[in-house]
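1. take a look and give me a structure for this.
(2 chains)
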2 protein chains.
Amino acid sequence: MAKWIRVNDARKESSLSEAAGESVEIRGWVRTRRDSKGGFSFIEVNDGSSMGNLQVVAPAELENYADEIQKLTAGCSLVAVGKLEASPAKGQATEMHATEIRVLGWADPETYPLQKKRHSFEKLREWAHLRTRTNTLGAVMRVRDQISQSIHRFFHENGFYYINTPIITASDCEGAGEMFRVTTLDLERLAKSGGPVNYSHDFFGKPTFLTVSGQLEGETYATSLGRVYTFGPTFRAENSNTSRHLAEFWMVEPEAAFFDLADNMSLAEAFLKRVFSDCLEHCDEDMQFFDSMIEKGKLDQIRGVIEKPFAHMTYTEAIEVLTSCGEKFEYPIQWGTDLQAEHERYLTEKHVGGPLILTDYPSTIKPFYMRVSDDGKTVAAMDVLVPGVGEIIGGSQREERLDVLEGRMAEHELNPDDYWWYVDLRRYGSVPHAGFGLGLERAVQYVTGMANIRDVIPFPRTPGNAEF
Amino acid sequence: MAKWIRVNDARKESSLSEAAGESVEIRGWVRTRRDSKGGFSFIEVNDGSSMGNLQVVAPAELENYADEIQKLTAGCSLVAVGKLEASPAKGQATEMHATEIRVLGWADPETYPLQKKRHSFEKLREWAHLRTRTNTLGAVMRVRDQISQSIHRFFHENGFYYINTPIITASDCEGAGEMFRVTTLDLERLAKSGGPVNYSHDFFGKPTFLTVSGQLEGETYATSLGRVYTFGPTFRAENSNTSRHLAEFWMVEPEAAFFDLADNMSLAEAFLKRVFSDCLEHCDEDMQFFDSMIEKGKLDQIRGVIEKPFAHMTYTEAIEVLTSCGEKFEYPIQWGTDLQAEHERYLTEKHVGGPLILTDYPSTIKPFYMRVSDDGKTVAAMDVLVPGVGEIIGGSQREERLDVLEGRMAEHELNPDDYWWYVDLRRYGSVPHAGFGLGLERAVQYVTGMANIRDVIPFPRTPGNAEF
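-> Down below sits the predicted model:
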């Protein structure tokens, strides 16, 4: 029996010697078929293991040549057996000379949506169950996988434990955003009840929601296991129909005990460089595609981030640059206001010309848990900005002083009873600690250059859309 | 400045030569302090990087000896600077002779819950934010991390892409269990509305739920990328207050195109062996602890699973064994009924004496998507059973034939409109494919021997409990 090998392996020049003249078998889907006048057909076969196809040369002598092979169209599935040979065609090292082709499944060209014709990404979203059969979406999902793998490898190698913070929660990470409610109450019956809602009948006995961040729970583990990271789904019930927002997305959040803001910045820089380098190294073919077909110059842009040391600047210095640079911005800027994407992009693209970490933001525009600096006006926050998108990572050193934290919670009118366990971390063996968050989809968008975030997650959830 | 190293590194004999006589710094939490008559104190310091502590020897000459060091109690945080020396004490290769100890945070022994006194696991659940500071829970979470890392490594190395299937879904994987509802409707207002519920006002414009399985969506990616796996949270709104059930748990689900049941069995066997071997190799100290303190014989049990080839048996053969073995079971068994844990454990522990894969279950007790065998009565299902717990993995080859699948859906009275995209996979380039599911917490329970599933997940969600 011929050995089954995957297309990415069959395409390598080294496979010619490895197969040692023996027949091999590939299993995949037809991308195109072209019949030659010379009495054979060229079938481009893909099995998802790489963007490139293996060219299968099917001679007319095959017994099912007329009945089946000449009827193959895009999307049909097959098994091809034959020998790998050096290919005379340009751009491919090998091709298969088939001795047998078994058709497994047909794809009626009258109804199969993915014909040769190019579809818009918007249209492809309607076929989210099929769209990864296209070059672009297949490449996006391979890069997404690589980024996820790199995230796990990087943190594991640096002594961080992977932990799963809860998805269903009764607390909200200080209003990081609108939350989805989770309930087992029978809504139809509830609607007829006349109210009020009796939560003792709900599954958890009280109102519960989908998490917006695992940070606070992550801190509990950082202050016992030392270094941890969460990497899981997070949710925002915001009615944002933009190319940058999803109701459900994945976020990685490392948290490290005994880290200060400087350690946190070093970690974020090493982390981004590792993730991006891995993409260039392990997804070369896919990255070449994005560079030439999706966003010209993407490779140079990423190399710039990898090669340059990240610049550092305080928020206060950034405001000075922005107010004195003479650039016209849509949103006015002054000390105390939050930076908009246009400001961030000006700083990283035009002022620095490379990645930039902004630190020491006004406490008034940041959450209660960030560490208050000695000036009393700023907190030990950091945002990592990269050319092309602006902010890609946000983080901070956390407030470890019990009295200062309690004061900040009072300022924010938070109920201490809701945070008793979070405050306990400052009561018992408190330590300096810090962490940050990276949205996976934002990172995939950055690396691939894909314009719409709905095209970098398998099944996007947005207002009015939970199909599949 | 002394170099900061972690406790697991400081404890290694090799650190003595690596430090080359230079001072190093450790940062962690006090487990115990013991004052010697000889004018010094022994402080056991842990930083989460290993179960074992580093013994820090603090001489009375330290300037804060009387004021601070002699007041250190469990849970206090500190930085210790000094030289690593070979330890004369039994069971530890090294110890630190401190030249400086800076106390970072106190832990009032009057109120700090984790005093030397042993607490029940049940009691510790009330302090889920602190319980990983104990030996057992710290070890559990390190093993949980190792299993998660192994899952990603194993599938990555075998050509599987990590994909994230949706958490919020409008479909249910054929009633795999009761589902949580996700909504943004204002429940108080709804209760006063008098009904019926108008879903056009809900976030997604229709009823939505938390996923019970990513399998169906996983199949869409397997039939484009070839081999994929999901690894994410899944949910059951079941009112089960048992030591084996959680409302929120993590599940890994690989799915591979061109795999039949035999391929699926080989994959599951290789997968489990890899995960268990990694735990023995990388979590040696923690595993020794479980073997001696939690479940005697655990190491031998796991080695048995790693070393033995998994036995194979059909469901029909298993029924013959169970009905003719003379063993008394609580639940009666006959062809067509589902196996209970007692039956599974008899088969794997007493009949086979090792891991066992049961296959070819009656179609009547399995979901619609499993492939119907030629006998028309059974499906290509598989359950992997291991001594000690019974079923740990469930999977199947999927039904790839359009007409058979549609027939099965009709039998199960499923609405084809809800599954149009799933059926499409059989319409366009259908291929044989297979996959399985492993609950992460069940695996952690198995490896550690922990009796209650609430003690192997950071913040367990069960009926009435969504604290933290």
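2. model confidence over stretch A:63-73, on average?
-> Mean pLDDT, stretch A:63-73: 97.
3. got the end-to-end distance for that stretch?
-> Stretch A:63-73 has an end-to-end distance of 18 Å (criterion: CA to CA, to the nearest Å).
4. just stretch A:171-190 next, same as before
-> Stretch A:171-190 has an end-to-end distance of 24 Å (CA to CA).
5. pretty sure A:Glu238 sits in a helix.
-> No - under the criterion used here (DSSP: H, G, I helix; E, B strand; the rest coil), A:Glu238 is coil, not part of a helix.
6. thought A:Arg399 was touching A:Arg408?
-> Not Arg; residue A:399 is Glu. Yes - with contacts counted by CB atoms under 8 Å, A:Glu399 reaches A:Arg408, the gap being 6.4 Å. For every residue, glycine as well, the C-beta is placed using N, CA and C.
7. between the two, which has more neighbouring residues?
-> Legend: neighbour count by other CB atoms under 10 Å in any protein chain shown for A:Glu399 and A:Arg408, higher for A:Glu399 (25 against 21).
8. how far away is A:Arg454 from chain B?
-> To chain B, A:Arg454 is 12 Å away according to CB to the nearest CB, to the nearest Å.
9. does chain B have contacts with stretch A:99-109?
-> Yes - Stretch A:99-109 lies within reach of chain B by CB under 8 Å from any CB of the partner chain, at A:Leu104, A:Gly105, A:Trp106, A:Ala107, A:Asp108.
10. hey, which helix or strand in chain A has the poorest pLDDT?
-> Every helix and strand of chain A was ranked by mean pLDDT, DSSP states H and E. The lowest is helix A:14-19, at a mean of 92.
11. for it, what is the distance to the chain centroid?
-> Mean-position distance between helix A:14-19 and its chain equals 35 Å (CA atoms, centre = their mean, to the nearest Å).
12. what helices or strands is it leaning on?
-> strand A:77-86 (3 or more CB pairs under 8 Å, 6 or more residues apart in numbering or on different chains; DSSP states H and E).
13. what strands line up against the strand it packs on, and which way round?
-> strand A:24-36 (antiparallel), strand A:94-105 (antiparallel) (DSSP bridges).
14. report the buried residues of the last one.
-> In terms of neighbour count (16 or more other CB atoms under 10 Å in any protein chain shown), strand A:94-105 has its buried residues at A:Thr94, A:Glu95, A:Met96, A:Ala98, A:Ile101, A:Val103, A:Leu104, A:Gly105.
15. cool, stretch A:315-327 as well?
-> A:Tyr315, A:Thr316, A:Ala318, A:Ile319, A:Val321, A:Leu322.
16. show me the shaky parts of chain A.
-> Within chain A, the ranges that satisfy pLDDT under 70 run A:116, A:172-177.
17. and the helices in it, which stretches?
-> Remark: helices assigned in chain A by DSSP state H are A:7-10, A:14-19, A:121-125, A:135-157, A:187-193, A:215-225, A:261-282, A:284-289, A:298-307, A:315-324, A:341-345, A:402-411, A:420-427, A:440-448.
18. so how far is chain B from the residue sitting furthest away from the middle of chain A?
-> Relative to the C-alpha centroid of chain A, counting by CA atoms, centre = their mean, A:Glu61 is the outermost residue, at 47.6 Å. Counting by CB to the nearest CB, the separation of A:Glu61 from chain B is 25 Å.
19. can you list the residues of the stretch 351-468 of chain A near chain B?
-> Residues of the stretch 351-468 of chain A lying near chain B (CB under 8 Å from any CB): A:400, A:421-422, A:424-432, A:457-459, A:461, A:463-468.
20. now with 7 Å, please.
-> Counting by CB under 7 Å from any CB of the partner chain, the stretch 351-468 of chain A comes close to chain B at A:421, A:424-425, A:428-431, A:457-459, A:461, A:463-468.
21. now these: which count as buried?
-> A:421, A:424-425, A:428-431, A:457-459, A:461, A:463, A:465-468.
22. let me know whether A:Ala125 touches A:Arg454 as I believe.
-> Slight slip there: residue A:125 is Arg, not Ala. Yes - using CB atoms under 7 Å, A:Arg125 is in contact with A:Arg454, at 5.9 Å.
23. could you check how far whatever residue of the stretch 251-400 of chain A ends up closest to chain B is from B:Trp4?
-> Closest contact between the stretch 251-400 of chain A and chain B, by CB to the nearest CB, is at A:Phe258 (4.3 Å). Remark: distance between A:Phe258 and B:Trp4 (CB to CB, to the nearest Å) = 7 Å.
24. which neighbours do those two have in common?
-> Shared contacts of A:Phe258 and B:Trp4, defined by CB atoms under 7 Å, 6 or more residues apart in numbering or on different chains, comprise B:Arg27.
25. of the two, give the one with the bigger neighbour count.
-> Neighbours per residue, other CB under 10 Å: of A:Phe258 and B:Trp4, the larger number sits with A:Phe258, 23 against 13.
26. spatially, what comes nearest to the more buried one if we skip its sequence neighbours?
-> Excluding its sequence neighbours, the residue lying closest to A:Phe258 (CB to CB, 6 or more residues apart in numbering or on different chains) is B:Arg27, at 4.3 Å.
27. I'd say the one you found and B:Ser49 touch.
-> No - the pair B:Arg27 / B:Ser49 is not scored as a contact, 10.5 Å apart, by CB under 7 Å.
28. next, format the buried residues of stretch A:315-327 as JSON lines and append distance to A:Tyr161.
-> Formatted as JSON lines, those follow (distance: CB to CB, whole Å):
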{"residue": "A:Tyr315", "distance to A:Tyr161": "32"}
{"residue": "A:Thr316", "distance to A:Tyr161": "36"}
{"residue": "A:Ala318", "distance to A:Tyr161": "35"}
{"residue": "A:Ile319", "distance to A:Tyr161": "38"}
{"residue": "A:Val321", "distance to A:Tyr161": "39"}
{"residue": "A:Leu322", "distance to A:Tyr161": "40"}
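29. which among these gets closest to A:Arg11?
-> A:Ala318 (47.8 Å; CB to CB).
30. quick one on the thing from earlier: who's in contact with the residue nearest to A:Phe258?
-> So B:Arg27 contacts A:Phe258, B:Trp4, B:Asp47, B:Val79 (CB under 7 Å, 6+ apart).
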